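Asker: Predicted coordinates and the sequence they were generated for:
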Amino acid sequence: MNAITVNDLTRKFGDFVAVDHVSFEVRTGEVFGFLGSNGAGKSTTIRMLCGLLEPTSGTATVGGIDVGRDPEGVKRRIGYMSQRFSLYEQLTVEQNIRFFGGIYGLTGDRFERRREFVTQMAGLAGRERTRASDLAGGWRQRLALGCAILHEPPIVFLDEPTGGVDPVSRRQFWTLIDQLAASGITVLVTTHYLDEAEHCHRIAIIHAGRLAALGSTSELKQVFAGRSILEVQSNDPVQAMRTLDSMHEVEKTSVFGTSVHAVMKSHDGVSIDTLRTRLAAAGVPTRGIEPVEPSLEDVFLDVVAESGF
């Protein structure tokens, strides 16, 4: 069963097409990643699905409710953690929880039970009187997530939820997302952190407002079937990339820190020894050359380059 169904969803701002005929489905209990660079259309799509922005054309249902016909009904069925505004910074932890509890109509024993849950989940027991603005980034993000799911919604939208927090806090936050999915909650999360997207059951890659690819991580990596990737470690990765780009056996290159990933046109196009010799002849010393499995970043760069839009 699908928790979210999107058909040809489009949003224009004047002549600018922010989201262009996007279609996909999200299964119940799935962590669905919406991956793209800044300005790709991720946030615009999520705002339409949350009933916050009217589509120009196309349809979408969230929890069986049509977002165009009943946006208020959608809002009652979802939790939403926005990219920019999720908490009242001048309110304390306790006050934020009570405020959102009031919005969701939680009272009595149910509110107390959920308040306790959010406080424990966010690791904020004993910090209830601390202002949100005084919390470290990771705690603030976990509190925002807790407030978004205070009313126990079956579907949760998270828009760039880990922006600006440290790697440890990011890892802890994704542990919470995994726990939500394990309890049967559907999670749609937008991100531009490629390592985070590896946590998702399936990933949609959006580029220039259009859906460029969709599938599990292993399915997306099939774009490299019949091709290989060689990682070239060099103290001069820029010159290494230029030299590799001049070789007819190399399809494309990209820099990964002090290494270069070279996508070869075929698995048996050129030997590593030959590649090392050519680079040395061009004045590019290498510390090592080895075949590597494609990463999600390799996939993203390849899909965007081949999308044609």
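Answerer: Perfect, I can see it now.
Asker: List of residues touching stretch 189-204?
Answerer: Outside stretch 189-204, the residues that touch it by Cβ atoms under 8 Å, 6 or more residues apart in numbering are 24, 27, 30-38, 42-43, 46, 83, 157-162, 170, 174, 177-178, 181, 211, 213-217, 220, 295-297, 300. Quick note: C-beta positions are derived from backbone N, CA and C, even for glycine.
Asker: quick one: least confident helix or strand in the chain?
Answerer: Across the helices and strands of the chain, mean pLDDT, DSSP states H and E gives its lowest value to helix 194-197, namely a mean of 86.
Asker: Can you point out the buried residues in that helix?
Answerer: Residues of helix 194-197 classed as buried: 194, 196, 197 (neighbour count, 16 or more other Cβ atoms under 10 Å).
Asker: Are any of the contacts of stretch 189-204 buried, and if so which?
Answerer: Here, 16+ other Cβ under 10 Å leaves 24, 30-36, 42-43, 46, 157-162, 170, 174, 177, 181, 211, 213-214, 217, 220, 295-296, 300 buried among these.
Asker: Among those residues, which ones are in strands?
Answerer: Of the buried ones among the contacts of stretch 189-204, the ones assigned to strands by DSSP state E are 24, 31, 32, 33, 34, 35, 157, 158, 159, 211, 213, 214.
Asker: Just checking, which of these comes out lowest on pLDDT?
Answerer: Per-residue confidence across those is lowest for residue 159, with 90 (pLDDT).
Asker: Next one: it from residue 75, what distance?
Answerer: Residue 159 sits at a distance of 15 Å from residue 75 (criterion: Cβ to Cβ, to the nearest Å).
Asker: Next, find the distance separating the residue nearest to the spatial centre of the chain from residue 305.
Answerer: Among the residues of the chain, the one closest to the centroid is residue 191, at 2.6 Å (Cα atoms, centre = their mean). Remark: distance between residue 191 and residue 305 (Cβ to Cβ) = 20 Å.
Asker: Now do the lengthiest helix in the chain, average pLDDT.
Answerer: Of all the elements of type helix in the chain, the one with the most residues (DSSP state H) is helix 167-182. Here helix 167-182 scores 91 as its mean pLDDT.
Asker: Can you show me the strands along the stretch 101-250 of the chain?
Answerer: 155-159, 186-191, 202-207, 210-215, 228-233, 250-256 (DSSP state E, counting those that start in this stretch).
Asker: Need these in a markdown table (columns: distance to residue 127).
Answerer: As requested, those are exported to a markdown table (distance: least, Cβ to Cβ, whole Å):
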| stretch | distance to residue 127 |
| --- | --- |
| strand 155-159 | 23 |
| strand 186-191 | 26 |
| strand 202-207 | 35 |
| strand 210-215 | 41 |
| strand 228-233 | 45 |
| strand 250-256 | 39 |
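Asker: Compare those strands and give me the one nearest residue 9.
Answerer: Nearest to residue 9 among the strands of the stretch 101-250 of the chain is strand 210-215 (9.7 Å), distances taken as Cβ to Cβ.
Asker: what's the spacing between the closest one and its chain's center?
Answerer: Using Cα atoms, centre = their mean, to the nearest Å, the mean C-alpha position of strand 210-215 is found 13 Å from that of the whole chain.
Asker: List the pairing partners of that strand within its sheet, with orientation.
Answerer: Within its sheet, strand 210-215 is paired with strand 202-207 (antiparallel), according to DSSP bridges.
Asker: Quick check, residue 73 in contact with residue 64.
Answerer: No: in this structure, residue 73 is not within contact of residue 64 by Cβ atoms under 8 Å, at 9.4 Å.
Asker: what about residue 63, how many neighbours?
Answerer: A count of neighbours around residue 63, defined by other Cβ atoms under 10 Å, yields 18.
Asker: isn't it right up against residue 185?
Answerer: No: under the criterion of Cβ under 8 Å, residue 63 lies out of contact with residue 185, with a separation of 11.4 Å.
Asker: Quick check: neighbours shared by these two?
Answerer: Common contacts of residue 63 and residue 185, defined by Cβ under 8 Å, 6+ apart, comprise 154, 155.
Asker: Out of the buried residues of helix 194-197, flag the one nearest to residue 125.
Answerer: Sorting the buried residues of helix 194-197 by distance to residue 125 puts residue 196 at the head of the list, at 26.9 Å, by Cβ to Cβ.
Asker: For that closest one, give its distance to residue 174.
Answerer: When distances are taken as Cβ to Cβ, residue 196 and residue 174 turn out to be 6 Å apart.
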